[in-house]
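Student: Okay, structure incoming, though there's no sequence with it:
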């Protein structure tokens, strides 16, 4: 996203795809994954199939979306590089030349879109589950990261830095600090959470149900078609998004109404 070209393709996911979640086993996080994808299945035309495995090599070859759920251990960057090496080789791709951009500093989550010419697209995400933490801030941050990384993957959207109170989980208000890897510091993480949203906001729901709306006018997946669709249906989109936000089935997702 970010283009102003009406012919820009937004890169939607297919209607059916396999999601392989591997790595750390955590019932709370698995419930979060299931609730998020359940909401997506109910409110859009995407029908994802969730698969849980212990290791990336156990994910089926039909996997479209690889999700590495880890503990934030020191070896996670090496594991992420190894996993991306395995995935790209498995699907006949070359390892991303700009891979160093993903691993410059400690990060609780990341998304890598793998779409080389002539190859079927794959998506990879690494998510820190903050296993064993007693910090309520870290527990809430883990809740935030699952939603943020999954939504950004589905929307094909990057982080958007702001210097005001965010109105979206995609927006990040990063507090000024001399620390080189601030998100590795528990006190900074708690401060960061005070300035950012806990979960998806109304705006995020509107983006999701617009990009994956049941409407023939946006079948070409081009930006211009979506702009016209939003102009013609804005009030209806907002109304439906608000209904989703207050739907009791998704109360674990929308803890904070923003």
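Tutor: Noted; the coordinates are in hand. Everything quoted here is computed from the prediction, not taken from an experiment.

Student: which residues of this protein score low on pLDDT?
Tutor: Applying pLDDT under 70 to the chain flags the ranges 1-3, 97-106, 132.

Student: can you pull out the strands in it?
Tutor: Using DSSP state E, the strands of the chain run over 16-23, 47-53, 63-70, 109-114, 122-128, 160-161, 171-172.

Student: can the ones you listed go into JSON lines with extra columns for distance to residue 234?
Tutor: In this view, the C-beta of every residue, glycine as well, is placed from N, C-alpha and C. Shown next, in JSON lines, are those (distance: least, CB to CB, whole Å):
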{"stretch": "strand 16-23", "distance to residue 234": "29"}
{"stretch": "strand 47-53", "distance to residue 234": "27"}
{"stretch": "strand 63-70", "distance to residue 234": "30"}
{"stretch": "strand 109-114", "distance to residue 234": "28"}
{"stretch": "strand 122-128", "distance to residue 234": "29"}
{"stretch": "strand 160-161", "distance to residue 234": "21"}
{"stretch": "strand 171-172", "distance to residue 234": "20"}
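
Student: Identify whichever of those strands lies nearest to residue 209.
Tutor: With CB to CB as the measure, strand 47-53 is the member of the strands of the chain nearest residue 209 (15.3 Å).

Student: Would you indicate which residues of that closest one are buried?
Tutor: 48, 50-52 (16 or more other CB atoms under 10 Å).

Student: what's in contact with it?
Tutor: 15-22, 25, 30, 33-34, 37, 40-41, 59-60, 63, 65 (CB atoms under 8 Å, 6 or more residues apart in numbering).

Student: and if we set it to 6 Å?
Tutor: Contact with strand 47-53 is made by 16-22, 37, 41, 59, as judged by CB atoms under 6 Å, 6 or more residues apart in numbering.

Student: farthest-separated two in the buried residues of strand 47-53?
Tutor: 48 and 52 (13.0 Å).

Student: Going by contacts, tell me the helices and strands next to the longest helix anywhere in the chain.
Tutor: The residue-count maximum for a helix in the chain (DSSP state H) belongs to helix 223-245. Secondary-structure packing of helix 223-245 (3 or more CB pairs under 6 Å, 6 or more residues apart in numbering; DSSP states H and E): helix 202-211.

Student: by contact count, what packs against the helix it packs on?
Tutor: helix 223-245.
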